[in-house]
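Asks: quick one: sequence plus predicted model below, questions after.
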Amino acid sequence: MKNQEIAKIFYDIARFLEIDGVAFKPYAYQKAAASLEGLKDDVAQLYIKGGRKALEEIPAIGKAMSDHIEEYLKTGKVKFYEEFKKSLPVNMDELLRVEGLGPKKIKVLYQKLGIKNIKDLEKAVKKHQIAPLFGFGETTEKNIIQGIEFVKQNKGRVLLQEILPIAREVLEKLENLKEVQKASLAGSLRRRKETIGDVDFLVVSSPEASSPSAKKNSEKVMDFFVALPGVKKIWGKGGTKASVHMAQGFDMDLRVVPAKSYGAALQYFTGSQAHNIATRKMAIDKGLKLSEYGVFSGSKMIAGKTEQEVYKSIGLPYIEPELREDTGEITAALGGSLPALIELKDIKGDLHCHSNWNGGEHSIEVMAKTAMERGYEYIGISDHSKTLKIENGLNEGQLLKQHEAIKKINAKFLASGQKFRVLHGVEADILKDGSIDIKNEVLAKLDYVIASVHLNTKMEKRQMMARIEKAMKNPNVDIIAHPTGRIVNQRDEYQIDFDTMLKLAKETGTILEINSSARLDLRDLYIRRAKQEGIKMIINTDSHHKDQMVFMEYGVAQARRGWAEKKDIINTLSVEELLEYF
DNA sequence: GCCGTTTTCGGCCCGACTGTTTTCAGTCG
């Protein structure tokens, strides 16, 4: 989709305008960019169908913005933007990653020293050219040196799966301090974004000790935080706010607030920024002021202790963190149509699990036991099929043997009075021509069939869609696994047309998977569209190891970000209902 | 540059911390 490309251009233009000291326009461009990012429809399609009028109906897009969009769709360029780039030909994205450098400092560095990228910056630092510049200084130069070092080792945004466990460990340490009353994760981590820039913590410190000589409790929390193992650099540390860089390559921020402001602060630090702006505007419309300290009517505080009361005071019901992106949640909240988001406890089983019959680590029994321990009613074993040689995929004969083995395991469960059940499926390959690599008479014997694309992924869109269409139309195929093929931070989606995919899924009753691994595929916007079309989805972990079954949490989070409810997700059904569905 | 159950003109979210230009701009979230 062109949406993201154009959004990027608008963000860049906003920065250029900011550098030039233009008032308010940067904000307009940022809003337009954010609006495009959150747009469910392909802007190119909108333009083809509805022309400029359709473009101007997009929130925050007016005449000038639709000029730019139209120009980009036609020529692949935006002149207004190209002019800016010529006047300041620097690698802005790269330089901005250096902590402490913003657009304005970058402009000075280019004009005075011709610095265009981090390499140039490094040279200038070595020659000690930065400190003497007007507006800079010794400390800034030192900070830049460290900033460069961290950019080099930094992976950029980190996967949710990698960072959440680390953040929870730190949270537990904070909670265990006697100076801490309450602590919470905030920021994009609390919203469960698929990648995380930095980790935010919010803390209420205990009431102050009576002794005047005692260091304030909030300060003690700060001291503890900046001394955590793994802290490589303290970006800043004040009375209520501290920021550090970790050895693992990401930043962590901590804020301490009074108990009476906890809800307002949590609401604020959870974001997103766009959601905050929208809620603050609602407060203003009611003659109130919303900040991280509370909701104020004049100087009188009317709410702040809990998030619930903060939302209530500005006329809204509680909004779940995963929805707070200003992509319609406020309108839905006002209209009483917020979704009842699916929860982890709704999940009754995991149908995409691999055993050691193919590339998995553990026996079917061990996988089943793990599922039982997670409180599931069933597990589905869906090993790879013969095309995937690297995973030791199973052929027809092996699948039939496995079928008998699973029957025996289930008989054992039955004999011991356990309700738990192992379902037998397969993750079969969709071949280049759309046929499935396992014979239909064998597929028909299984409880369910997952089909997925693993090879020949670089096909052009028409061919790829014909391939998927044929697979979906196979009456034995129930589920398409990782439907778009993307892997977060690694690989873009295949050339697919998601609208067509939805149409086909509807026609054929095919279930789309939300894969909980690093793929996180479907992505949140797609989940939301699938839900709107009434397409059923399933949240699976694609576990090749028993310990990966905990990834279910991330798939559920992704589903929640896509506004999915229990009724949209079929592995919330009981085993009888599920088999009936298949 | 966009937008409007007050408005088609006059607004645009709000605050902490740092470093340096010593009163506030720049950066960050």
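Replies: That came through fine.
Asks: so A:H245, which of the three states?
Replies: What DSSP: H, G, I helix; E, B strand; the rest coil gives for A:H245 is strand.
Asks: wait, what's in contact with it?
Replies: A:E99, A:F150, A:V231, A:K232, A:K233, A:I234, A:W235, A:D251 (CB atoms under 8 Å, 6 or more residues apart in numbering). For glycine as for every other residue, the C-beta is placed from the backbone atoms N, C-alpha and C.
Asks: nearest to A:N571, of those?
Replies: A:D251 (36.3 Å; CB to CB).
Asks: picking that back up, can you redo the contacts of A:H245 as JSON lines with pLDDT?
Replies: Formatted as JSON lines, the contacts of A:H245 follow (pLDDT from 0 to 100):
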{"residue": "A:E99", "pLDDT": "79"}
{"residue": "A:F150", "pLDDT": "78"}
{"residue": "A:V231", "pLDDT": "89"}
{"residue": "A:K232", "pLDDT": "84"}
{"residue": "A:K233", "pLDDT": "84"}
{"residue": "A:I234", "pLDDT": "87"}
{"residue": "A:W235", "pLDDT": "84"}
{"residue": "A:D251", "pLDDT": "87"}
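Asks: what about those residues, which are in strands?
Replies: Within the contacts of A:H245, residues falling in strands by DSSP state E are A:V231, A:K232, A:K233, A:I234, A:W235, A:D251.
Asks: picking that back up, make JSON lines out of the contacts of A:H245 and add neighbour count and distance to DNA strand B.
Replies: Shown next, in JSON lines, are the contacts of A:H245 (neighbours: other CB atoms under 10 Å; distance: CB to the nearest atom of the strand, whole Å):
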{"residue": "A:E99", "neighbour count": "18", "distance to DNA strand B": "5"}
{"residue": "A:F150", "neighbour count": "19", "distance to DNA strand B": "11"}
{"residue": "A:V231", "neighbour count": "15", "distance to DNA strand B": "14"}
{"residue": "A:K232", "neighbour count": "14", "distance to DNA strand B": "15"}
{"residue": "A:K233", "neighbour count": "17", "distance to DNA strand B": "11"}
{"residue": "A:I234", "neighbour count": "14", "distance to DNA strand B": "8"}
{"residue": "A:W235", "neighbour count": "18", "distance to DNA strand B": "7"}
{"residue": "A:D251", "neighbour count": "17", "distance to DNA strand B": "5"}
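Asks: helix, strand or coil for A:H352?
Replies: Secondary structure, three-state DSSP: A:H352 is strand.
Asks: report the buried residues of the worst-scoring helix or strand of chain A on mean pLDDT.
Replies: Least confident helix or strand, chain A: helix A:138-153 with a mean of 82, by mean pLDDT, DSSP states H and E. Judged by neighbour count using 16 or more other CB atoms under 10 Å, the buried positions of helix A:138-153 are A:T140, A:E141, A:N143, A:I144, A:Q146, A:G147, A:I148, A:F150, A:V151.
Asks: same check, this time on stretch A:192-206
Replies: A:192-196, A:198-206.
Asks: so who does the residue in chain A that DNA strand B sits nearest to touch?
Replies: Nearest to DNA strand B, among the residues of chain A, is A:G137, at 1.6 Å (CB to the nearest atom of the strand). Contacts for A:G137 (CB under 8 Å, 6+ apart) come out as A:A131.
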